[in-house]
Each structure stands twice: as structure tokens, then as C-alpha cells.
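1. Kindly return the folded structure for what I paste below:
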Amino acid sequence: MDKVALKERIIHIYNAIGLIEKFIKDVSESNFLDDIKLQSAVQYQFLIIGEAVKYIDITILEKYPYPWHIPRSFRNFIIHEYHGVKMERIFYASNDLNSLKTQIEQILKNEF
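-> Numbering: from 1, shown residues only. Got it, this is the predicted structure:
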């Protein structure tokens, strides 16, 4: 993948994280579970994250300490097991993006 396309994928991840943070800011788990539009919006951003991670060269990902298989697996789970997705898990994952965001910021800083 060329450097421009790679940077674009990294920015997609960064923006998706930002949107999830914006969507769930000051939202309780109870409110999240009652809001199907919010659930759908957050899930979509997780799909973007997981899809974009798939296209980042493994040699770059290996430089940054993060379990990169998790966003890919989470995307696959949401896509293929949509009928079994627990919204509590989506909410929990939405509040657990700091380390991914840090690694994405480091990639943007160091690789481009």
C-alpha cells in the first residue's frame, strides 16, 4: 500500500475513534442501551476501525505495542455475528479506546 493510502487508513481509524468518543460522551450505559441509533452509529465506527486495520502493513503495526487482532476480530464479530452482539460489550469497548488512540497517534507522528 502506498504511503498516501496508508495514511488515509490511519486517519480513518483516528476519526472513527473521535466519533465514538463524541457519540458516547456523557452517555450512561443505560442511555446507550436505550438508544438504537446511538448503538448503530457506534457499531459502524467500530466496523471502520476494524476494516482499516486490516489494510495497514503488518511491519508498521508490529512497531507499536497493541493487540492489533482485536479491532479486526471485533469488526468480524459485529459483521458476522450481528444477531449475537451484546450492546453492553459495545458500550464497554467504546470506553476502552485510549490505548488504541495513543498507538494511532504515534503511528501518525512517527510514520508520516
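2. I49 touches R75, doesn't it?
-> Yes. Between I49 and R75 there is a contact at 7.0 Å, judged by Cβ atoms under 8 Å. (C-beta placed from N, C-alpha, C; glycine too.)
3. Looking at those two now, which is surrounded by more residues?
-> Set side by side, I49 and R75 show more neighbours around I49, with 25 against 20, by other Cβ atoms under 10 Å.
4. Mind checking the pLDDT average for whatever helix or strand the more buried one lives in?
-> Applying DSSP states H and E as the criterion places I49 in helix 36-54. The average pLDDT for helix 36-54 rounds to 97.
5. That one: which residues count as buried?
-> The neighbour-count check on helix 36-54 (16 or more other Cβ atoms under 10 Å) flags 38-39, 42-43, 45-53 as buried.
6. for stretch 58-73, same thing?
-> Across stretch 58-73, burial judged by 16+ other Cβ under 10 Å covers Y64, Y66, W68, P71, R72.
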